[in-house]
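S.K.: pasting the sequence and the predicted coordinates here, then a few questions.
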Amino acid sequence: MSSVARSSDRPGRPAVFPMPLRVDAHHALPRAVPPSGRDCARHAGPQPRRTLPTSRIRAAGAQAADGVIHLGLGEPTWPLPKPAIRALGRVRACPYGAHAGTLPLRRAIAAYEGVDAAEVLVTAGAQGALFSLLQAFVGPGDSVLIPDPGFPAYRTLAGWAGAETQTYPLVSNAEGGLGRWHLDAEGLVEALVSSPRVRVVIINLPSNPTGSSASVQQLAQVADACAERGVLLVADEVYRPLSSSVPVPGLRAVTDTGVVVSSVSKAWAAPGLRVGWMTGPSNVLEACTPLHATATTAAAGPSQAAARALLEASDRVLPASRAALASRWQALADTWQAETGAVLDPPDGGFYHYFPLPPSAWNDPVAFCASLRDRAKVVVVPGLVFGEGGRRFARLSFGARPDAIVQGVRRLIRAGGVAR
C-alpha cells in the first residue's frame, strides 16, 4: 500500500468519507407532472419526462447492410467457458435472492479482489454498479470528473443523476497520438483542484477506448488528492484482468477507500450474464444497495451461479481468455503490418486498438466512419463518441473473430480509413 490510507488512520484528522446524496431510493428519479384541465385534450398520451439517445457505440453499426464486418462492439467472441455452462445446467430453483447477491458469489468475488465478502455488492453488470453509485452520490449542482476520451456511459449516467460532467485528459507519449496513451495524473488533479463541485472521480484501468493504464505512482497521486477532498474515487476495472503482458495496477494497490467496479462480461467472456459488482467501504455499499434493489431487486440467480463458477475457475478461465485475445491481436497486428508496414504496440489491456483517422475525417468523424461502414463494409467507432479528445481517432475492437479481424482491417486500410 502507498501512503494513501483511510482518513481515520491519519493522526489529528477527522475521518472524511464521501457522504451519499440520497439515502432513499424513492428519491432517485424525478416524477413527471401530468397535464391538467384543457391541456389534457392536447396530449395524445403520457409524455416522457426524460429520454436517452441510443448508444452511440451501437449506433456506429446501425443500418449496416449484409456483408458488413463489425469491429465496433466491445465483446468477446470466444465460447462461454465450460464452468459457466455446467453451472447453468445445474440450476433447479430460481428464487429472488438477496439484494447484495448470493453469499457464495460474493465470497468468490471477494477472494478474487482481495477484500471481505461484506465489502461486495453484486449488480446487474458494471453499469448497474455505476448507476447506483452515481444516483447515490451526485445530483443537481454536482460534477463528476471523467476521462476524455472515455466510456460514454459515464457522461450519460452522471446526467441521469442530475449532475454535470467535467473531463481530465488522457495523453499520448508521441505526437499525433501514435504512441502509448496513459493517465495524466497531474491533469486530473489540476481539474479536481479547480472544480469544487466535483463529488465523484471515475478512472478506467485499462481505458476504453485507448487501452491505456496508469502507474502505481500516478494512482497514488490521484487517490491522495481525492481523499484529501472527501471525493469518491471510482475505478472501472472491467478490462484489468485482460492485461497484455505486464499486469495493470489497480486501485487496491494504493488505497482501500475508493470503489472498484468490475464484471464477468469481458475477461470471463460472459457479457450476457449481466453480472457485475462493486467493492468498497461499508458506507458506500449501504447507500447503493437500496437503489440497486429498487432498480433490479437482485442480479439474476442463474447468472450469479454461472458467475460464481467462472470466478472460482479464474486460474483456468482468465489464461484462456488472454490466449484467445492474444491470437486476435496477432491477427490484427500482422494484417496491419502487411498493409501499412507499421508495427503496432499492443494496448496495456482490453481489446481495443485506438488509431488515428486521416485529416479529411477530423471535421465530421461520425460521418466519415458511417461512410466506411457503407463503402468499405466495415464498422469502427468514431473516437468523438468518447469525447472531444477522440475527434481525430477511431476505436477498433479486436474481440471479434480472427478471420473477421483480418478481412475487416484490410477493408479499413484499403478504403483510406487510417492516417498514414
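M.R.: Yep, it's here. Bear in mind that the values here come from a model prediction, so they are computed numbers and not experimental data.
S.K.: so which bits of stretch 293-311 are buried?
M.R.: Under the neighbour-count criterion of 16 or more other CB atoms under 10 Å, stretch 293-311 has 293-296, 298-311 buried. C-beta coordinates here come from the backbone N, C-alpha and C atoms, glycine included.
S.K.: now swap in stretch 149-163 and tell me
M.R.: 149-158, 160-163.
S.K.: same check, this time on stretch 94-102
M.R.: Going by neighbour count (16+ other CB under 10 Å), the buried part of stretch 94-102 is 97-102.
S.K.: for the stretch 201-350 of the chain, what spans make up the helices?
M.R.: Using DSSP state H, counting those that start in this stretch, the helices of the stretch 201-350 of the chain run over residues 216-229, 282-296, 301-312, 314-340.
S.K.: could the buried residues of stretch 94-102 be laid out in CSV, adding pLDDT?
M.R.: CSV is the format used below for the buried residues of stretch 94-102 (pLDDT from 0 to 100):
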residue, pLDDT
97, 94
98, 97
99, 97
100, 98
101, 98
102, 98
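S.K.: so which of these belong to helices?
M.R.: Among the buried residues of stretch 94-102, none falls in helices (DSSP state H).
S.K.: farthest-separated two in those?
M.R.: 99 and 102 (10.8 Å; CB to CB).
S.K.: run the chain-centre distance for the strand ranked longest in the chain.
M.R.: Ranked by number of residues, the top strand in the chain under DSSP state E is strand 164-172. For strand 164-172, the separation from the chain centroid amounts to 15 Å (computed by CA atoms, centre = their mean, to the nearest Å).
S.K.: next helix or strand past that strand?
M.R.: strand 181-183 (DSSP states H and E).
S.K.: which of the residues in whatever helix or strand comes next after that next one are classified as buried?
M.R.: Counting by DSSP H and E, the element after strand 181-183 in chain order, helix or strand, is helix 185-193. For helix 185-193, the neighbour count (16+ other CB under 10 Å) marks 185, 187-189, 191-192 as buried.
S.K.: could I get the residues you listed as CSV with pLDDT and distance to residue 66?
M.R.: CSV is the format used below for these (pLDDT from 0 to 100; distance: CB to CB, whole Å):
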residue, pLDDT, distance to residue 66
185, 96, 47
187, 96, 45
188, 97, 44
189, 97, 50
191, 97, 45
192, 97, 48
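S.K.: any idea which of the helices of the stretch 201-350 of the chain is most buried?
M.R.: helix 301-312 (a mean of 23; mean count of other CB atoms under 10 Å).
S.K.: which one of the helices of the stretch 201-350 of the chain lies closest to residue 241?
M.R.: Nearest to residue 241, of the helices of the stretch 201-350 of the chain and by CB to CB, is helix 314-340 at 5.4 Å.
S.K.: just the pLDDT for the closest residue to residue 20 other than its chain neighbours.
M.R.: Spatial nearest neighbour of residue 20, chain neighbours left out: residue 287 (3.4 Å); criterion: CB to CB, 6 or more residues apart in numbering. Note for residue 287: predicted pLDDT of 97.
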